[in-house]
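Student: whatever this is, show me its structure:
(one chain, ligands or ions: 1)
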Amino acid sequence: MKIPLHFNGNRYYSYATYMQKKYGERIQKVTVDAGFTCPNRDGLVARGGCTYCNNESFNPGYNSAAKSITQQIEQGIAFLSKRYAANKYIVYFQPYSNTYAALDRLKRLYEEALSHPQVCGLTIGTRPDCIDEKKIEYLARLAGEYDITVEYGLESIDDETLRKINRGHDYQTYLDAVELTADKGINICTHIILGFPWESEEFWLKEASVLSKIKTDFLKIHQLHIVKDTVMARQYAQKPFSLLSYEKYISIVVSFLERFNPDIIIQRLFGEAPPHVLIAPNWNKRNPEMLQGIQAELERRDTWQGKLY
Ligand code: SF4
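Tutor: Numbering: from 1, shown residues only. Model (predicted):
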C-alpha cells in the first residue's frame, strides 16, 4: 500500500495541494465580516449561542462590519500580500451565519465580493439550518462561474453533544443540508471539533469513518478551545474538566486521518485562538509547530490519510 499520488508528496490531501493543482498558483483566503448574526443567538433557534462560541476568537484585525465588503477585501489583501505571494483570493464570509438573511441581501454582499478583480470565489460559513432551496439554487448559478464553497458547522455527529453545546440543530439537519447542496457544483466543507470531554478517542475514530461517506469535499478539524466570554468558559471555571494534551491531540488527529477517506480534502487540522481570549488548553504552539507535530507523527507511524480507510 502506497501514499496516494494526488497527495503530491504529503501524507494527507491538503487544501493547498488541491488549490495549487486546480489553479496552478497560490490562492489565499481573505476574511470579511458582513455583519450577520446567528439564529442561535438572536432567539430564532435559541439565545446565548453555542457554548464554546466567541466570534472574536477567529476574526482578524482588519475585519469590521462597519466597513464595506470591498474595503475589507482591499485591507485584507494589503495585509496578506506582505506575507504571501498570491494574486487571487477567495473571500471567506466567516463570522456568525453567513446565509442568515434574505436572498436579496446575500446577493448584494456576495456579488460585491465577486466584483473585486482579484477574487475568484467565496467560502460561506454557515449553519446547516440556515440554507434553503432558493439560496442553493442561487449559489449553484454562481458556482457555474466562480469557486463557491458552503462551509457547514457540524461540530459533532453525536446529537447528545449537539444538545450539550446548545447547537440548536441535530445531525440530521446537517445531512439534509448536505443533500440539498451536493451535486450542484457547489463545494461543501464540513467543520468539526475534536476534544469535547464527554466524547472519546473511540468515538472520534468512528466519526472519521462516518464522515468519510458524506458528500463533503473538504473537512476542517478544530481542537476544542475554551475561550473567554463563553458559556463553556463559565462551566470550566466552576468545574474544570479534562482537555486534550498537545501530544494526545496530535495522536488523535493522525489516527483520525488514517481512517478518513483519502479523496476528501483537508482544509484544516487545528485552530489557533488569539492569546488574549484563549483560556485552555494552552499548548503554547503556533500553527507551523502544530503542523510539524502532525507531520512528524504521520512519518513516525509511517501512515497517511486513508491508510486504514
Ligand atoms: S458557533 Fe456559529 S452557530 Fe454557534 S453561536 Fe456561534 S455563530 Fe452561532
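Student: look up the closest residue to the closest residue to the ligand within the stretch 101-250 of the chain, ignoring the ones flanking it.
Tutor: Closest residue of the stretch 101-250 of the chain to the ligand, CB to the nearest ligand atom: residue 127 (4.8 Å). (C-beta placed from N, C-alpha, C; glycine too.) Nearest residue to residue 127, sequence neighbours excluded (CB to CB, 6 or more residues apart in numbering): residue 97, at 4.9 Å.
Student: and for residue 281?
Tutor: Nearest non-adjacent residue to residue 281, counting by CB to CB, 6+ apart: residue 243, 4.3 Å away.
Student: tell me, how many residues neighbour the one you found?
Tutor: For residue 243, the count of nearby residues is 20 (other CB atoms under 10 Å).
Student: and for residue 19?
Tutor: As a burial measure, residue 19 scores 20 neighbours (other CB under 10 Å).
Student: and the residue of the stretch 51-200 of the chain closest to the ligand?
Tutor: Counting by CB to the nearest ligand atom, the stretch 51-200 of the chain gets nearest the ligand through residue 53, at 3.2 Å.
Student: show me what contacts the residue nearest to that residue when sequence neighbours are not counted?
Tutor: In space, residue 53 comes closest to residue 230 once its chain neighbours are excluded; the distance is 6.2 Å by CB to CB, 6+ apart. By CB atoms under 8 Å, 6 or more residues apart in numbering, the contact list for residue 230 reads 51, 52, 53, 54.
Student: turn those residues into TSV, including pLDDT and secondary structure.
Tutor: Listed next are the contacts of residue 230 as TSV, based on pLDDT from 0 to 100; DSSP: H, G, I helix; E, B strand; the rest coil:
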residue	pLDDT	secondary structure
51	96	coil
52	95	coil
53	93	coil
54	87	coil
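Student: filter those to the buried ones?
Tutor: Neighbour-count burial (16 or more other CB atoms under 10 Å) is assigned, among those, to 51, 52, 53, 54.
Student: contacts only, for the last one.
Tutor: Think residue 54. Shown in contact with residue 54 (CB under 8 Å, 6+ apart): 227, 228, 229, 230, 277.
Student: dihedrals phi and psi, it?
Tutor: phi -140, psi 100 (degrees, to the nearest 10).
Student: out of everything not next to it in sequence, what's closest to it?
Tutor: Leaving aside its chain neighbours, residue 54 sits nearest to residue 227 (4.6 Å; criterion: CB to CB, 6+ apart).
Student: ranges for the helices of the chain?
Tutor: Along the chain, the stretches classed as helices by DSSP state H are 15-23, 69-80, 103-114, 133-143, 159-164, 171-181, 201-211, 231-238, 246-258, 287-300.
Student: show residues contacting the shortest one.
Tutor: Applying CB under 8 Å, 6+ apart, the external contacts of helix 159-164 come out as 51, 155, 156, 169, 170, 171, 196, 198, 199.
Student: out of those residues, give me the two with the largest separation.
Tutor: The most widely separated members of the contacts of helix 159-164 are 169 and 198, with 18.9 Å between them, by CB to CB.
Student: who has more neighbours out of those two?
Tutor: Just comparing residue 169 and residue 198: by other CB under 10 Å the higher neighbour count belongs to residue 169, 23 against 10.
Student: for the more buried one, which non-adjacent residue is closest in space?
Tutor: residue 129 (4.6 Å).
Student: list the contacts for that neighbour?
Tutor: Shown in contact with residue 129 (CB under 8 Å, 6+ apart): 39, 45, 168, 169, 173, 177.
Student: flag every residue of this protein that's near the ligand.
Tutor: The chain comes close to the ligand at residues 38, 40, 41, 49, 50, 53, 96, 97, 127, 153, as judged by CB under 6 Å from any ligand atom.
Student: if I look at residue 116, how far off is residue 32?
Tutor: Using CB to CB, to the nearest Å, residue 116 is found at 11 Å from residue 32.
Student: and residue 55, by the same measure?
Tutor: As for residue 55, its distance to residue 32 is 13 Å (criterion: CB to CB).
Student: who has more neighbours, the two?
Tutor: Set residue 55 next to residue 32 and count neighbours by other CB under 10 Å: residue 32 wins out with 30 against 16.
Student: tell me the pLDDT of the closest residue to the more buried one other than its chain neighbours.
Tutor: Leaving aside its chain neighbours, residue 32 sits nearest to residue 72 (4.4 Å; criterion: CB to CB, 6+ apart). Here, the pLDDT recorded for residue 72 equals 96.
Student: and residue 72, how many neighbours?
Tutor: 23.
Student: what comes up buried for stretch 66-80?
Tutor: Neighbour-count burial for stretch 66-80 flags 67, 69, 72, 73, 74, 75, 76, 77, 80 (criterion: 16+ other CB under 10 Å).
Student: got it, and stretch 299-309?
Tutor: With burial defined by 16+ other CB under 10 Å, the residues of stretch 299-309 counted as buried are 303, 304, 305, 306, 307.
Student: wait, doesn't the fourth one sit right on residue 261?
Tutor: Yes: counting by CB atoms under 8 Å, residue 306 does reach residue 261; the two are 6.3 Å apart.
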